[in-house]
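S.K.: coords please:
(one chain, ligands or ions: 1)
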Amino acid sequence: MDMQGKVVIVTGAGRGIGAAMCRQFAAAGAARVIVSDRDAEAAAAVAEGMGPTARSIHCDVASESQVADMVRQVLAEEQRIDLFCSNAGITVKGGLESSNADWQRMWEVNVMSRLYAARAVIPHMLERGTGYLVQTASAAGLLTEIGSASYSVTKHADLAMAEWLSTHYGRQGIRVSCVCPLGVETDMLDDSDPIHRYLQLRSITADQAATSILEGIRSEQFLILPHPEVLEFFRLKGENYDRWLRGMQRMQQKLTREKAA
Ligand SMILES: NC(=O)c1ccc[n+]([C@@H]2O[C@H](COP(=O)([O-])OP(=O)(O)OC[C@H]3O[C@@H](n4cnc5c(N)ncnc54)[C@H](O)[C@@H]3O)[C@@H](O)[C@H]2O)c1
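M.R.: Residues are numbered from 1 along each chain as shown. So this is what the prediction gives:
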């Protein structure tokens, strides 16, 4: 899809990858970019820096009514939504000890938000016979995240939702892409954590991630991999699951020892 003249919503766009996506979509010719975030001030600052193409909307994606209201508002103002990017996401470190409340929050922000967006926007896109959904999942959705069980599980679900949407609506004019990066230099990466420091070895900037996302949208590719090596890791997993798991177990042990030291 060519970005020229398009009306676009990006969630979680007050900083990080979402903010970079907004700037690059505008530079590529989008007619209107909605910078949406739970942090209203951050979203407003990003939109302000972008000039008249952009406008900010406060929206907590864990709330179905807020997502539906945002979509209604944009349709009333712009008469169409060409691209909805479900980018907002959070992480919580930890394994079995993570609280049920944390698991629930991860489920709501990383997964239910994708359902709320699709529910709100797909009827309009089907009516027009065209529309595009992008979900920022993670390489953790194809592989796993050593330091966070809830991130691994919810990002697998994020990817599963994107696959299902593409399968179900692909023949009705709806295109879907799922972005699966490794480390991206944003507030999400924690320098003090050896697991995140390991991710930083291969990390890219939010701008580099956004460039890859824009390119993936241009070529209407389902799986957008800002780190091309993820395809090789995914292939190795598919080829021999047990060998891949043994490698992950080794890495888990090494990183846990470093964390304890
Ligand atoms: N940074 C990485 O290394 C990395 C790697 C793979 C995938 N991702 C994914 O990329 C996406 C963007 O992450 P980022 O690295 O830019 O993080 P970030 O923390 O820099 O930005 C996330 C933004 O989302 C907003 N947000 C959080 N919860 C929200 C909610 N409930 N409703 C609306 N907005 C909310 C935050 O206010 C923030 O502005 C996430 O889905 C994340 O899981 C990040």
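
S.K.: how close does the residue most central in space within the chain get to R55?
M.R.: The centroid of the chain falls nearest to T136 when counting by Cα atoms, centre = their mean (1.5 Å). Using Cβ to Cβ, to the nearest Å, T136 is found at 21 Å from R55. The C-beta positions use only the backbone N, C-alpha and C, and glycine is treated the same way.

S.K.: what ranges do the strands span in the chain?
M.R.: Under the criterion DSSP state E, strands of the chain are mapped to 7-10, 32-37, 54-58, 83-86, 131-136, 174-179, 223-224.

S.K.: nearest to A120, of those?
M.R.: strand 83-86 (8.3 Å; Cβ to Cβ).

S.K.: what ranges do the helices span in this protein?
M.R.: For the chain, the helices defined by DSSP state H cover 16-27, 40-50, 64-78, 100-107, 113-128, 139-142, 149-169, 194-200, 206-218, 229-239, 241-260.

S.K.: Tell me what angle the last one forms with helix 229-239.
M.R.: In other words, helix 241-260. Taking axes from the mean of the first three to the mean of the last three Cα atoms, to 10 degrees, one finds helix 241-260 and helix 229-239 inclined to each other by 130 degrees.

S.K.: circling back to that earlier point, okay if I get the strands of the chain as JSON lines plus mean pLDDT and distance to Y116?
M.R.: Formatted as JSON lines, the strands of the chain follow (pLDDT from 0 to 100; distance: least, Cβ to Cβ, whole Å):
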{"stretch": "strand 7-10", "mean pLDDT": "98", "distance to Y116": "12"}
{"stretch": "strand 32-37", "mean pLDDT": "98", "distance to Y116": "12"}
{"stretch": "strand 54-58", "mean pLDDT": "98", "distance to Y116": "14"}
{"stretch": "strand 83-86", "mean pLDDT": "98", "distance to Y116": "9"}
{"stretch": "strand 131-136", "mean pLDDT": "98", "distance to Y116": "12"}
{"stretch": "strand 174-179", "mean pLDDT": "98", "distance to Y116": "16"}
{"stretch": "strand 223-224", "mean pLDDT": "98", "distance to Y116": "22"}
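
S.K.: In a markdown table, list those along with distance to the ligand.
M.R.: A markdown table is the format used below for the strands of the chain (distance: least, Cβ to the nearest ligand atom, whole Å):
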| stretch | distance to the ligand |
| --- | --- |
| strand 7-10 | 10 |
| strand 32-37 | 5 |
| strand 54-58 | 9 |
| strand 83-86 | 8 |
| strand 131-136 | 4 |
| strand 174-179 | 7 |
| strand 223-224 | 11 |
